[in-house]
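Student: pasting the sequence and the predicted coordinates here, then a few questions.
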Amino acid sequence: MTTDAKILSALRANPDGVSGADLAEQLHISRTAIWAHIEELRRLGYDIEAGPHLGYRLVSVPDVLHADDLLARLYKTKVVGRDIRVFEQTTSTNDVIDKLARDGVKEGVVVFAESQTKGRGRLGRKWLSPAYKGLWFSVLLRPELHPQEATQLTVLAATALRRAIASETGLHPEIKWPNDILVGGKKVAGVLTELSAELDRVKHVILGIGVDVNLGTGEFPADLRKQASSLKIETGRPVSRADLATAILSELDNDYVRVGSGRFAEIADEWEAHCKTIGRDVTIQIGDRRLRGRAESLGESGELLLRTEHGHLERINGGDVTLEK
Ligand code: BT5
C-alpha cells in the first residue's frame, strides 16, 4: 500500500481525527512527510481538516478515481482489484488491458479511464464515455473455462453489476440479456466481454464495463436519450463513483471466486430472478439472422435458451434482443 493509501485508511478508521504524531508513528515516517502527503491529497480534492486538538480529519472525498485509494478500499479482494491503474484518457480500456494481457500481467488487474476516445460496445458500436461522468473500466481474467463457457462471465458481470448498483443507489435495476443493465426500461450500464482463446481453452477474458453514473440528460446525444439514462438522473442525486467502483469490484471478485469453485448455478439463479428477458416473447437479431420466440431460461454455459416460434429450442450465445410487447 502506498503512503497516500495508508493515510486515507487511517483517516477513515478515525472519523474523529488522528494526530500527526500518531500517523507518523504508524507509518514510520516523519511528521513533515505526513504533512506533505496531506497537502498532496488536498490538491487532489480531499478535504482534510487540521487542528491542534483533533489532528487530521477527513471531511469529504472528491469524486475522482484514485488508484491507491481504491486499492486500499479493496484490500479484501482475492483476485479482482489486486492491481488498479487509472488513466486520464485512453482509446478503449479494453485495448489497454489487451496489451497488459499479452505482456503477461496477472489476472485481476483493473484499468479505469476518466474518459475514452474510442469507447466501444459490441460489433464495434460506439460507447459514449464523457470525462468524470461515469465508470469506464476493464478487468483482465484468466479463467479455467472452455471457450463456449465464456458467456458465464458476461452473466457474472451483469449480476455483480446489478447487485452493486442496487446496493449503492437503492434503485431496482434489471438485466436484459446478454449485457445490459436497465433502470426504468433505460440502459444505464453495459458489459463488453472480449475473449482470447485456443480451440479448447480460454487464454484470457477482458470484461469491459461502462456505467452511466453522473451524466445529466443533456449529456446524452438526442438519439440516445430515449433509450439511455444515468444513475444520477434516476436517483435525482449525484452518486459517488469511487464508492460504486469499490462495490462493483468487490462483487465481481466475490462472484468470480464462486464461478471458479463450480458455483455458477447460484449466480445463474440470481440472474434469472432479475432478468427482464426470461419468460418474454422476443426477437433476436444475430448478424443477418432473425429469430422469434419465447426466452425460456439461461443454459449451463450462460447461453439463452429460446423456444422458437416453430417450437425448436435454440441455444443463443450472442445477439440483440428486442422484447415484444
Ligand atoms: C455495450 O454494447 O453495452 C457494451 C458497453 C461496454 C462499454 C465499456 S466502457 C469500458 C470498456 N471499454 C470499452 O471500449 N468498452 C467497455 P452494446 O450492447 O453493443 O451497446 C452499444 C449501444 O449502446 C450503442 O450502439 C448505443 O446505442 C448505446 N450507447 C452508447 N453509449 C452509451 C452509454 N454511455 N449509455 C447507454 N447506452 C449507450
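Tutor: The structure has been received and is ready for your questions.
Student: drop to CA atoms for contacts and neighbour counts, all remaining ones
Tutor: Will do.
Student: so residue 307 is in which element?
Tutor: Following DSSP states H and E, the helix or strand that holds residue 307 is strand 304-308.
Student: who's in contact with the closest residue in space to residue 305 that isn't next to it in sequence?
Tutor: Here the nearest residue to residue 305 in space, its sequence neighbours aside, is residue 315; by CA to CA, 6 or more residues apart in numbering that works out to 4.9 Å. For residue 315, the residues meeting the contact criterion (CA atoms under 8 Å, 6 or more residues apart in numbering) are 299, 303-306.
Student: could you rerun that using 7 Å?
Tutor: Listed by CA atoms under 7 Å, 6 or more residues apart in numbering, the contact partners of residue 315 are 303-306.
Student: same check, this time on residue 90
Tutor: Taking CA under 7 Å, 6+ apart as the contact definition, residue 90 lies against 113, 115-117.
Student: get me the contact residues on the protein for the ligand.
Tutor: Taking CA under 6 Å from any ligand atom as the criterion, the neighbours of the ligand within the chain are 92-94, 119-122, 125-129, 136-138, 180, 187-188, 190-192, 208-210, 212, 228.
Student: what's the ChimeraX syntax to select whichever of the residues you listed are buried?
Tutor: ChimeraX command restricting those to the buried ones, with burial defined by 16 or more other CA atoms under 10 Å:
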select :92,93,94,119,120,121,122,127,128,129,136,137,138,180,187,188,190,191,192,208,209,210,212,228
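Student: now, the residues of the chain next to the ligand that are in helices?
Tutor: With helices defined by DSSP state H, the entries of these inside them are 93-94.
Student: what comes up buried for whichever helix or strand residue 292 is part of?
Tutor: With the criterion set as DSSP H and E, the secondary-structure element containing residue 292 is strand 289-298. Under the neighbour-count criterion of 16+ other CA under 10 Å, strand 289-298 has 291-298 buried.
Student: follow-up on the earlier one: assign the residue nearest to residue 305 to helix, strand or coil.
Tutor: Here residue 315 is strand, with the state taken from DSSP: H, G, I helix; E, B strand; the rest coil.
Student: and it, how far from residue 296?
Tutor: Between residue 315 and residue 296 the distance is 10 Å, computed by CA to CA, to the nearest Å.
Student: and for the two, which residues touch both?
Tutor: Any residue near both residue 315 and residue 296 by CA under 7 Å, 6+ apart counts here, and that gives 305-306.
Student: before we move on, back to that, for the strand holding residue 292, the averaged confidence score.
Tutor: Per-residue pLDDT over strand 289-298 has a mean of 94.
Student: pull the number of nearby residues for residue 58.
Tutor: The burial metric for residue 58, expressed as a neighbour count using other CA atoms under 10 Å, is 20.
Student: sorry, slip of the keys, the one I care about is residue 282.
Tutor: Neighbour count of residue 282, defined by other CA under 10 Å: 22.
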